[in-house]
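Peer 1: Got a predicted structure here, sequence first:
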Amino acid sequence: MSSATIFAQGQWLRVIDNQSQKRYWETMPGPICLEKLSLRQTATISAIDWSRLADPEARRLRELGFGEGVGIEVLHRATLGKGPIACRVGRMTVALRRAVASAIDVALFSPAE
């Protein structure tokens, strides 16, 4: 049996053969919305739906460095459930409205095997 380690979708994967790779991809969770990311969990931005954001919001996110492949971590959520979400992007802490956070999809980090 041969094996290889590959980097796909922002994660390191150990592939043994075609059948085990198929089973792994079937059970691997897809991207989730930033709004649903657990506190203190690190992830990578996999996609941003720019069409759901107003032009000034989209421009500001780009200026702050938001884009595919950028690491992000949710630090705090407002207690009432509709308030902003505090996120760490690089060394910055940024507060995002829930509507903006829902337009950002993230992929979870998994430790290399």
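Peer 2: Nice, thanks for sending it over. Numbering: from 1, shown residues only.

Peer 1: which residue ranges form the helices in the protein?
Peer 2: Applying DSSP state H to the chain gives helices spanning 18-27, 55-63, 98-101.

Peer 1: neighbours around the closest residue to Ala99 other than its chain neighbours, how many?
Peer 2: Residue nearest to Ala99 in three dimensions, not counting chain neighbours: Arg52, with 7.7 Å by C-beta to C-beta, 6 or more residues apart in numbering. (Each C-beta comes from the backbone N, C-alpha and C, glycine too.) When neighbours are counted by other C-beta atoms under 10 Å, Arg52 registers 13.

Peer 1: where's Arg52 relative to Cys33, distance?
Peer 2: Between Arg52 and Cys33 the computed distance is 11 Å (C-beta to C-beta, to the nearest Å).

Peer 1: anything in contact with each of the two?
Peer 2: Listed as contacting both Arg52 and Cys33 by C-beta atoms under 8 Å, 6 or more residues apart in numbering are Ser102.

Peer 1: all strands of the chain, in order?
Peer 2: Assigned by DSSP state E, the strands in the chain fall at 4-8, 11-15, 32-33, 42-48, 71-77, 85-89, 92-96, 104-108.

Peer 1: Show me the contact partners of the fifth one.
Peer 2: Right, the one you point to is strand 71-77. 34, 37-45, 83, 85-90, 93, 104, 106.

Peer 1: Cool, thanks, signing off.
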